[in-house]
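Participant: Got a predicted model here, sequence first, then my questions.
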Amino acid sequence: MQSVEPLFPTATDKNKKSKYLYLGKAGSEAHLDAVDKVTRRGLIDELERVLNSLQESYLDVCFGGETEPDPSSETKGLKEE
């Protein structure tokens, strides 16, 4: 696992901090557990994106597409004659 700034204790010196968390030897129970957590987090993120997309599509269908632009915003910057 990785963080933006060092916050994990290193495997060799607990007083030093690292940006990377040592998960153990590949294939160990801790390593497999971490891989599962990362995989689940990716699935959750993807499902959230799908739900947001469906919600936006539903609103487009229910309200006939995109909303009309505000006509008062079209006259900004124009001189009155």
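Facilitator: Here it is on my side, so go on.
Participant: pLDDT score for the residue most central in space within the chain?
Facilitator: Residue closest to the mean C-alpha point of the chain, counted by CA atoms, centre = their mean, is residue 45 at 6.1 Å. For residue 45, the model assigns a pLDDT of 94.
Participant: before we move on, what about residue 71?
Facilitator: Reading off the model, residue 71 has pLDDT 60.
Participant: again, but for the one 10 residues further on
Facilitator: In the predicted model, residue 81 carries a pLDDT score of 44.
Participant: could you measure the residue nearest to the centre of the chain against residue 39, distance?
Facilitator: 11 Å (CB to CB, to the nearest Å). No exception for glycine: its C-beta is placed from N, CA and C like everyone else's.
Participant: Strands of the chain, residue ranges please.
Facilitator: 8-9, 17-18 (DSSP state E).
Participant: nearest to residue 35, of those?
Facilitator: Residue 35 sits nearest to strand 8-9 of all those, at 17.1 Å, using CB to CB.
Participant: Pull up the pairing partners for the closest one, direction included.
Facilitator: As defined by DSSP bridges, the strand partners of strand 8-9 come to strand 17-18 (antiparallel).
Participant: what's next to the worst-scoring helix or strand of the chain on mean pLDDT, contact-wise?
Facilitator: Lowest by mean pLDDT, DSSP states H and E among the helices and strands of the chain is strand 8-9, with a mean of 84. With CB atoms under 8 Å, 6 or more residues apart in numbering as the test, strand 8-9 has contacts from 1, 15, 16, 17, 18, 19, 20, 21, 22.
Participant: again, 10 Å this time
Facilitator: 1, 2, 15, 16, 17, 18, 19, 20, 21, 22 (CB atoms under 10 Å, 6 or more residues apart in numbering).
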